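Novice: no FASTA, just this:
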């Protein structure tokens, strides 16, 4: 047990001294060779389009209320707001991508045009991603935008990871419709 605690402490110390820049090349290669193959799948774009039709008129108060509800219900059974994100066709598709990545992907979730979760492989810590760089530096930047997050020990997956996020576009119109974030197990890239 002592070795486990010391090992975890060492990984955390290492994670705080590393930056995503040190892994950016490997993460970009993984994005190009793996994630890009399925990121624009119709199951994802259809789910985002459907949610955009619902959330387009939401004001910030509604978004904040939903985010607070999500945060209060993380880890609870029968949490409708979370279950809706985890139990849909797009979420099942995302879980398939995690399973087929042989440990290289720790989590994946997609967001609508407001930065709200549409589907996720696992519950995220919050519902609204719109105030975070993963959304602001992709959706708000352009159709080919990519954002590399900082290296960290992810609380939900307990993996040393960094997130890579990208804009999702409608393949027919080229319109930006949302964003996707993938947690990458950095050890799997070594």
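Specialist: Nice, thanks for sending it over. Not measured: the values here are computed from a predicted model.
Novice: Is it correct that residue 51 is in contact with residue 116?
Specialist: Yes - here residue 51 reaches residue 116: they are 7.1 Å apart, a contact under C-beta atoms under 8 Å. Just so you know, the C-beta spots here come from the backbone N, C-alpha and C atoms, and that holds for glycine as well.
Novice: Please, where are all the helices along the protein?
Specialist: Secondary structure of the chain (DSSP state H): helices located at 2-17, 24-30, 36-38, 42-55, 60-73, 80-86, 89-100, 133-136, 186-189.
Novice: buried set for the shortest one?
Specialist: Same thing as helix 36-38. Buried residues in helix 36-38, counted by 16 or more other C-beta atoms under 10 Å: residue 38.
Novice: and that helix, what other elements does it pack with?
Specialist: Here helix 36-38 touches no other helix or strand, going by 3 or more C-beta pairs under 8 Å, 6 or more residues apart in numbering; DSSP states H and E.
Novice: can you check the last one too?
Specialist: For helix 186-189, the helices and strands in contact under the criterion 3+ C-beta pairs under 8 Å, 6+ apart are helix 24-30, strand 160-169.
Novice: Pull the distance from that helix to the chain's centre.
Specialist: Taking C-alpha atoms, centre = their mean, to the nearest Å, one finds helix 186-189 lying 17 Å from the centre of the chain it belongs to.
Novice: coming back round to it: among the helices and strands packed on helix 186-189, which is the most enclosed?
Specialist: strand 160-169 (a mean of 23; mean count of other C-beta atoms under 10 Å).
Novice: so it versus helix 42-55, what angle?
Specialist: Our comparison of strand 160-169 with helix 42-55, counting by axes from the mean of the first three to the mean of the last three C-alpha atoms, to 10 degrees, yields an angle of 70 degrees.
Novice: neighbouring strands for strand 160-169, and are they parallel or not?
Specialist: Paired with strand 160-169 in the same sheet, following DSSP bridges, are strand 146-148 (antiparallel), strand 152-153 (antiparallel), strand 176-185 (antiparallel).
Novice: Mind checking these for the one nearest to residue 102?
Specialist: strand 176-185 (9.6 Å; C-beta to C-beta).
Novice: what comes up buried for the closest one?
Specialist: So, applying 16+ other C-beta under 10 Å, buried residues of strand 176-185: 176, 177, 178, 179, 180, 181, 182, 183, 184, 185.
Novice: can you redo these as TSV with pLDDT?
Specialist: Converted to TSV, these look like this (pLDDT from 0 to 100):
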residue	pLDDT
176	97
177	98
178	98
179	98
180	98
181	98
182	97
183	93
184	94
185	92
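Novice: Going by distance to residue 97, which of the residues you listed wins?
Specialist: For the buried residues of strand 176-185, the nearest to residue 97 is residue 182 (8.3 Å; C-beta to C-beta).
Novice: Just list the residues touching the closest residue to that closest one other than its chain neighbours, thanks.
Specialist: Distances taken as C-beta to C-beta, 6 or more residues apart in numbering put residue 108 closest to residue 182, at 4.7 Å, once the chain neighbours are dropped. With contacts defined as C-beta atoms under 8 Å, 6 or more residues apart in numbering, the neighbours of residue 108 are 94, 97, 98, 120, 121, 180, 181, 182, 183.
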